[in-house]
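*Asks:* curious how this folds, go ahead:
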Amino acid sequence: MKLVILDRDGTINHDSDAHIKSPAEWKPIKGSLEAIARLTQAGFRVVVATNQSGIARGLFDVAMLIAIHDTMHRAVAQAGGRIDAIFFCPHAVDSKCECRKPKPGMPLEIARRFNVSLEDIHMVGDALRDLQAAQAAGAKPLLVLTGKGEKTRQAGELPEGTQIFPDLAAVAAHLAP
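*Replies:* Model (predicted):
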C-alpha cells in the first residue's frame, strides 16, 4: 500500500500562533489541495497526523476540531482528492503522552491501523517535531518550507536523511511524478 502522512498546520493550511480555532480560520496553502488530489489519484492513502494542544488549552473543543476537519475534507474533495484518516493529539505541550509529536505514537498507530511498515512511508511536515516523529517511528522525513519550514531548515538540526521541498505540491510531484 502506498501511504503518506501529512502534518496539518503549516503543511496543508496556513498556521497561526493563535491556533486554528474555527473552520473560518482554516485557510489552505496555495497548491496543497491539488497536491493531495495528485497523491490520491496516484493511489496514495493520505493520512494527517496533527498536534492540537488548543483542545487541552481550552481554545476549542473536539466538536470544533471535527468541524475544521470537515471543512478540510470538503476542500480536498472539491480539488479531486481524499484524506483517508486524521489522527490528532489533543494533549498539552508539557503532557507525558506518547502521541504528541515529536514522539512516534501517531505514526506508529497509523502503521498499526493501516497494517503498513513505516520504513517506506514518507512523513511530511514543516516543524522539527514532525521530522523527529518520522525518524523515531522509522518513516522517511520530508520537510516543506511552508509554515515554520524555513525556520526549521535554518536551525540546522534536521534528522539524517531529511529531504527538503518548497511546499506540498513539490512533494506530490516527487512522490507521484
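*Asks:* which pLDDT value belongs to P177?
*Replies:* pLDDT recorded at P177 is 91.
*Asks:* oh, that last question was meant for V93, not what I typed.
*Replies:* Turning to V93, the model gives it a pLDDT of 89.
*Asks:* pretty sure it contacts S53?
*Replies:* Yes. With contact defined as Cβ atoms under 8 Å, V93 and S53 form a contacting pair (5.5 Å). Where C-beta positions appear, they are placed from N, C-alpha and C, glycine not excepted.
*Asks:* right, and the helix or strand after the top strand by length along the chain?
*Replies:* Under DSSP state E, the strand in the chain containing the largest number of residues is strand 45-51. Under the assignment DSSP states H and E, the closest C-terminal helix or strand after strand 45-51 is helix 62-78.
*Asks:* quick check: closest non-adjacent residue to F165.
*Replies:* Leaving aside its chain neighbours, F165 sits nearest to V171 (4.8 Å; criterion: Cβ to Cβ, 6 or more residues apart in numbering).
*Asks:* which stretch of helix or strand covers that neighbour?
*Replies:* helix 168-175.
*Asks:* which elements pack onto the helix or strand harbouring Q154?
*Replies:* Using DSSP H and E, Q154 maps to helix 149-155. On a contact count with 3 or more Cβ pairs under 8 Å, 6 or more residues apart in numbering; DSSP states H and E, helix 149-155 meets helix 128-137, strand 140-144.
*Asks:* OK, contacts around the one residue sitting closest to the centre of the chain?
*Replies:* Against the mean C-alpha coordinate of the chain, by Cα atoms, centre = their mean, the closest residue is D7 at 1.1 Å. D7 makes contact with 48-50, 101, 123-127, 130, according to Cβ atoms under 8 Å, 6 or more residues apart in numbering.
*Asks:* ok, and the most crowded of the residues you listed?
*Replies:* In terms of neighbours by other Cβ atoms under 10 Å, these top out with D130 at 31 neighbours.
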